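In: The following block contains a protein sequence and its predicted model.
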Amino acid sequence: MSENPVTEGQQFPLTIKRIGINGEGIGYFKRSVVFVTGALTGEEVVVEATKVNPRYTEAKIRKIRKKSPHRVTPPCPVYDACGGCQLQHLAYPEQLQMKKDLIVQSIEKHTRFHLEQIKIRDTIGMGNPWGYRNKSQFQVREIDDVVEAGLFGAESHELVPIETCIVQHPDTVKVTNFVRDLLEELEIPIYEEQRNSGIVRTIVVRTGIKTGQIQLVLVTNSKKLPRKRELIERIQAAIPEVVSIMQNVNQAKTSLIFGEETLFLAGKEKITEKLGEIEFDLSARAFFQLNPSQTEKLYREVARAIRLTGNEKIVDAYCGVGTIGLSLAKRAAEVRGMDTIAESIEDAKANAARAGITNVSFETGKAEEVFPKWIKAGFKPDAIVVDPPRVGCEDQLLQSILRTNAKQIVYVSCNPSTLARDIQILSKKYNVKYIQPLDMFPHTAHVESITVLTLKN
């Protein structure tokens, strides 16, 4: 491998060829790849190298010589510092095109497919791509004797205080700010990361956009919560929509938000949300899509993709609270789902019972362990839906899927790279019919997609 021709601090001109998976501009200097935060395709920039590795360089913009026609002014006042969004400086229609291109790049890089073999559709976007997130997880810290709530800056543990967030649903912002101010007023100890001391670490707020119900979870460094009764009474009096108040205990030095123990404080343990015709009960740690309006579009695409006569057996792998499986159950003979989070499986069972859906079953466990067990016991699925985390499907699960000869697979993905890797493995027995990108998180570099695979003759 040739040595990187760039040195740290060096400035040089660069033409941006495309946008990468983290929303950064990508260009080439003397055949060495350069990643530039905030740069857009087609721009001619002067950059300064901030980090030099043998295989690539990270750089920041010093000057834009030729600006993209799609560059816009980010409306968020803390956009540059926060790191929560990566693409507010790119006009929204162009974000949708870029997200389709991320899937194209992954197919080219991680598979042996020719692009003409795979139909990649245009990205399904939002009419109003603001205020869509139904859940916030804001860290709480004390800065100059003032309690602040916000997010850590990109690649740092420096808190960026956030007073308002324009991608969050307004209710999550309202509750977070009220609780933040109340913690300060009641002098409840705030977590201090360096010394691993203090109590309140994170304010988590989830709102049922269809139902108006709000759940508040205080993530704490101990079971102890001083002035708990007064805190609860003040919240309930000021914001009656907060129908569930919970406490999650996380004493580990970790970047993970939640610990294993969740305590009930007031109201009820779960809130209710509605997707389509089905109501879902959501406990504090249960996974639920963060953008309900786009989720409904996603499930419609999944339903369109699977051809059902009413006689099929379906597997819903990584099922969460059962959202996909329950949306398909009325058109199938049987649906089985699995997930690693026990609370999610309990919610899935309760959601099925509430909807009067009896042809479903849900099991706690890893998909790569539960699925082979079902197959060994004689279960033969006709269709399989997988919706894995960003790391994609475990190889053990993929090999089990290949052995089933299920007629249809629908792969819901939040990571184009692991999607490409996994469909390359599945292509031993399956044809890729099409890939449908969907924008679940406007103004970020994330892209969701639905890939439809059919068994080869």
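Out: Nice, thanks for sending it over.
In: Restrict the longest helix seen in the chain to CA atoms and write it as PDB.
Out: Ranked by residue count and defined by DSSP state H, the top helix of the chain is helix 92-110. Taking Å, rounded to 0.1, in the frame of the first residue of the first chain, the C-alpha atoms of helix 92-110 are listed here in PDB:
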ATOM      1  CA  TYR A  92     -34.400  17.900   1.000                       C
ATOM      2  CA  PRO A  93     -35.200  16.600  -2.600                       C
ATOM      3  CA  GLU A  94     -31.500  16.100  -3.000                       C
ATOM      4  CA  GLN A  95     -31.200  14.200   0.300                       C
ATOM      5  CA  LEU A  96     -33.700  11.700  -1.100                       C
ATOM      6  CA  GLN A  97     -31.500  11.200  -4.200                       C
ATOM      7  CA  MET A  98     -28.400  10.900  -2.100                       C
ATOM      8  CA  LYS A  99     -30.000   8.200   0.000                       C
ATOM      9  CA  LYS A 100     -30.700   6.200  -3.100                       C
ATOM     10  CA  ASP A 101     -27.100   6.700  -4.100                       C
ATOM     11  CA  LEU A 102     -25.900   5.300  -0.800                       C
ATOM     12  CA  ILE A 103     -27.600   2.000  -1.600                       C
ATOM     13  CA  VAL A 104     -26.200   2.000  -5.100                       C
ATOM     14  CA  GLN A 105     -22.700   2.600  -3.600                       C
ATOM     15  CA  SER A 106     -23.100  -0.400  -1.200                       C
ATOM     16  CA  ILE A 107     -24.300  -2.700  -3.900                       C
ATOM     17  CA  GLU A 108     -21.300  -1.800  -6.000                       C
ATOM     18  CA  LYS A 109     -18.800  -2.100  -3.100                       C
ATOM     19  CA  HIS A 110     -20.100  -5.200  -1.200                       C
END
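In: Please name every helix or strand in contact with that helix.
Out: Of the remaining helices and strands, those touching helix 92-110 by 3 or more C-beta pairs under 8 Å, 6 or more residues apart in numbering; DSSP states H and E are strand 11-19, helix 416-426, strand 430-438. No exception for glycine: its C-beta is placed from N, CA and C like everyone else's.
In: Just the C-alpha atoms of the longest one, please, in CSV.
Out: Below are the C-alpha coordinates for helix 416-426, written out as CSV (Å, rounded to 0.1, in the frame of the first residue of the first chain):
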residue,chain,number,x,y,z
PRO,A,416,-27.0,-0.3,3.2
SER,A,417,-23.6,-1.9,3.8
THR,A,418,-24.8,-4.9,5.9
LEU,A,419,-27.9,-5.2,3.6
ALA,A,420,-25.6,-5.6,0.6
ARG,A,421,-23.4,-8.2,2.4
ASP,A,422,-26.5,-10.2,3.5
ILE,A,423,-28.3,-10.2,0.1
GLN,A,424,-25.1,-11.4,-1.5
ILE,A,425,-25.2,-14.4,0.7
LEU,A,426,-29.0,-14.9,0.1
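In: How about that helix, which residues are buried there?
Out: 416-423, 425-426 (16 or more other C-beta atoms under 10 Å).
In: any idea which of those residues is closest to Ile19?
Out: Pro416 (12.5 Å; C-beta to C-beta).
In: tell me the domain ranges of this protein?
Out: Domains of the chain are assigned by automatic domain parsing as 11-71, 115-125+291-455, 135-275.
In: Out of the helices and strands packed on helix 92-110, which gets nearest to Ala352?
Out: Closest approach to Ala352 among the helices and strands packed on helix 92-110 is made by strand 430-438 (25.4 Å; C-beta to C-beta).
In: How far off centre is the closest one?
Out: Centroid separation for strand 430-438 versus its chain: 20 Å, with C-alpha atoms, centre = their mean, to the nearest Å.
In: Next, the buried residues of that strand.
Out: Quick answer for strand 430-438 (16+ other C-beta under 10 Å): 430, 432, 435-438.
In: Direction included, what does whichever helix or strand comes after it pair up with?
Out: Per DSSP states H and E, the first helix or strand lying C-terminal to strand 430-438 is strand 448-455. Next to strand 448-455 in the sheet, as set by DSSP bridges, lie strand 408-413 (antiparallel), strand 430-438 (antiparallel).
In: Can you pull out the low-pLDDT segments for this protein?
Out: 1-2 (pLDDT under 70).
In: Go through it and flag its longest strand.
Out: Of all segments of type strand in the chain, defined using DSSP state E, the longest is strand 56-66.
In: list the helices and strands that strand packs on?
Out: When contacts are defined as 3+ C-beta pairs under 8 Å, 6+ apart, strand 56-66 packs onto strand 11-19, strand 32-36, strand 44-52.
In: Comparing these, which comes out most buried?
Out: Stretch with highest mean neighbour count among those: strand 32-36 (a mean of 20; mean count of other C-beta atoms under 10 Å).
In: between it and strand 44-52, how many degrees?
Out: Strand 32-36 runs at 100 degrees relative to strand 44-52, counting by axes from the mean of the first three to the mean of the last three C-alpha atoms, to 10 degrees.
In: where's strand 32-36 relative to the chain centroid, distance-wise?
Out: That offset, for strand 32-36, works out to 26 Å (C-alpha atoms, centre = their mean).
In: neighbouring contacts of it?
Out: 4-6, 14, 16, 20, 22, 24-28, 45, 47, 49, 55-61 (C-beta atoms under 8 Å, 6 or more residues apart in numbering).
In: Now do the same contact list for the residue lying closest to Ile124 once chain neighbours are set aside.
Out: Computed as C-beta to C-beta, 6 or more residues apart in numbering, the closest residue to Ile124 that is not its neighbour in sequence is Leu438, at 4.5 Å. Taking C-beta under 8 Å, 6+ apart, we find Leu438 in contact with 123-124, 294, 297-298, 301, 447-450.
In: For ChimeraX, what selects the buried ones among those residues?
Out: Buried members of those, defined by 16+ other C-beta under 10 Å, are picked up in ChimeraX with:
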select :123,124,294,297,298,301,447,448,449,450
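In: and of the contacts of Leu438, the nearest to Gly325?
Out: Nearest member of these to Gly325, counting by C-beta to C-beta, is Leu298, at 13.8 Å.
In: So the closest one sits against Asp439, correct?
Out: No: using C-beta atoms under 8 Å, Leu298 makes no contact with Asp439, being 10.3 Å away.
In: Regarding Ala329, what are the backbone dihedral angles?
Out: When read as degrees, to the nearest 10, the backbone of Ala329 gives phi -60, psi -40.
In: what does the one 3 residues further on give?
Out: Dihedral angles of Ala332 (phi, psi; degrees, to the nearest 10) stand at phi -130, psi 170.
In: ok, it touching Arg307?
Out: No: using C-beta under 8 Å, Ala332 makes no contact with Arg307, being 11.2 Å away.
In: Looking at those two, which one has more neighbours?
Out: Ala332 (20 against 13; other C-beta atoms under 10 Å).
In: Dump whichever helix or strand Gln215 is part of to PDB, keeping only the CA atoms.
Out: In this assignment (DSSP H and E), Gln215 forms part of strand 214-220. What follows is strand 214-220, C-alpha atoms only, in PDB (Å, rounded to 0.1, in the frame of the first residue of the first chain):
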ATOM      1  CA  ILE A 214     -46.500  10.700  26.800                       C
ATOM      2  CA  GLN A 215     -44.000   8.500  28.700                       C
ATOM      3  CA  LEU A 216     -41.200  10.000  30.700                       C
ATOM      4  CA  VAL A 217     -38.200   7.800  31.700                       C
ATOM      5  CA  LEU A 218     -35.600   9.200  34.100                       C
ATOM      6  CA  VAL A 219     -32.300   7.300  33.700                       C
ATOM      7  CA  THR A 220     -30.400   7.400  36.900                       C
END
